[in-house]
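Undergrad: sequence first, then the predicted structure, then my questions.
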Amino acid sequence: MTRALVAGALVAAALAGIAVVKRPALAQTSAPTHAPERSIKAAYLYKFAGYVDWPASRFRSNEAPILIGVAGDAALAEELGRISAGRTIAGRSILAREINADDAIDELEVLFVAGPDSSALERLLAAAAASPEAILTVTETERLPDGSVINFVADHDRVRFEVALQAAEREGLKLNSRLLAVASRVYRGPAR
C-alpha cells in the first residue's frame, strides 16, 4: 500500500472514530503516545482544520497557510507534518510545528496540547484565551478542560473526541455539523 493510501486510510478511520488503539486511559500516564495512536491523532488534527470556519479576519491573505502548533509531543508534530505535506484545506496549505509552553501562539489557527501536564496546559489555554486571534484549541485529558474546544479521550480501545461548543463560540469559531456528528460528546454549555 502506498504512503498516500495509508495516510488517507488513517484520516478516514480517525474521523469516523473507528480506529482501534490498545492503551490505558490518557490521564493515567504521561508516557509517550504509542505510534498508531499518534498517527490517528495527527490525522484528526489535520481533518479538524477542514471542519472549522474561522472569522474572515483570521487570515492575512487568501493564500495564508493554516498553522498547527503541537506542544508536548515532537513526534506527533512530525507525523502531522508528514500527513499534511502537499495537501490543502480550502486552498490553504497546512504547516505543522512543535511549540513550547512559553512560545507565542497568536499566529496559530490550531493549538494541540499533548498530555495532562497541567502547568503547560493551563499556560497555553490561558494564552489562547487572551489572544486576539481565534484559535482552535485541542487537548488530551481525562476531562475537557476549560478553554479547550476539542479534547481527545480514550473510549475503550478507540481514540475519540469531545467538543465544547461554548468554547468554540467564545473564539468565534463555527464547527461543521459533520464534525459534531462524530464526536463522542458535545457540550453545549459548560463541560462540568
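TA: Received, thanks.
Undergrad: any buried residues in stretch 84-96, and which?
TA: Under the neighbour-count criterion of 16 or more other CB atoms under 10 Å, stretch 84-96 has Ser84, Ile89, Arg92, Ile94, Leu95, Ala96 buried. All C-beta spots, glycine's among them, are computed from the backbone N, C-alpha and C.
Undergrad: closest one of these to Phe59?
TA: Nearest to Phe59 out of the buried residues of stretch 84-96 is Arg92 (CB to CB; 7.5 Å).
Undergrad: how many neighbours does the closest residue to Ala74 other than its chain neighbours have?
TA: Distance criterion CB to CB, 6 or more residues apart in numbering; nearest residue to Ala74, sequence neighbours excluded, is Glu98 at 4.9 Å. Burial of Glu98 is recorded as 18 neighbouring residues (other CB atoms under 10 Å).
Undergrad: who touches the helix or strand Glu98 falls within?
TA: Applying DSSP states H and E as the criterion places Glu98 in strand 92-99. The contact list for strand 92-99, computed with CB atoms under 8 Å, 6 or more residues apart in numbering, reads 45-46, 49, 59, 63-71, 73-74, 77-78, 80-81, 84, 87-88, 105, 108, 111.
Undergrad: show me the residues you listed that map onto strands.
TA: Residues of the contacts of strand 92-99 located in strands (DSSP state E): Ile66, Leu67, Ile68, Gly69, Val70, Ala71, Thr88, Leu111.
Undergrad: from these, which two are the most distant?
TA: Comparing all pairs in the ones in strands among the contacts of strand 92-99 by CB to CB, the longest separation belongs to Ala71 and Thr88, at 24.3 Å.
Undergrad: ok, the strand holding Glu98: who's next to it in the sheet?
TA: Looking at strand 92-99 with DSSP bridges, its partner strands are strand 66-71 (parallel), strand 88-89 (antiparallel).
Undergrad: coming back round to it: from the contacts of strand 92-99, list the buried ones, please.
TA: Neighbour-count burial (16+ other CB under 10 Å) is assigned, among the contacts of strand 92-99, to 45-46, 49, 59, 66-71, 73, 77-78, 80-81, 84, 105, 108, 111.
Undergrad: measure Tyr123 to Ala71 for me?
TA: Careful, residue 123 is Arg and not Tyr. Separation of Arg123 from Ala71 (CB to CB, to the nearest Å): 9 Å.
Undergrad: got any residues that touch both of those two?
TA: Counting by CB under 8 Å, 6+ apart, the shared contacts of Arg123 and Ala71 are Ala101.
Undergrad: CA-only coordinates of stretch 134-143 in CSV, if you can.
TA: Output of stretch 134-143 as CSV, limited to C-alpha atoms (Å, rounded to 0.1, in the frame of the first residue of the first chain):
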residue,chain,number,x,y,z
ALA,A,134,-9.4,32.9,17.0
ILE,A,135,-7.5,29.6,17.9
LEU,A,136,-9.0,26.1,17.8
THR,A,137,-7.6,24.5,21.0
VAL,A,138,-7.3,20.8,21.2
THR,A,139,-6.2,18.8,24.3
GLU,A,140,-6.0,15.3,25.6
THR,A,141,-7.1,15.0,29.2
GLU,A,142,-9.4,12.8,31.2
ARG,A,143,-12.0,15.7,31.4
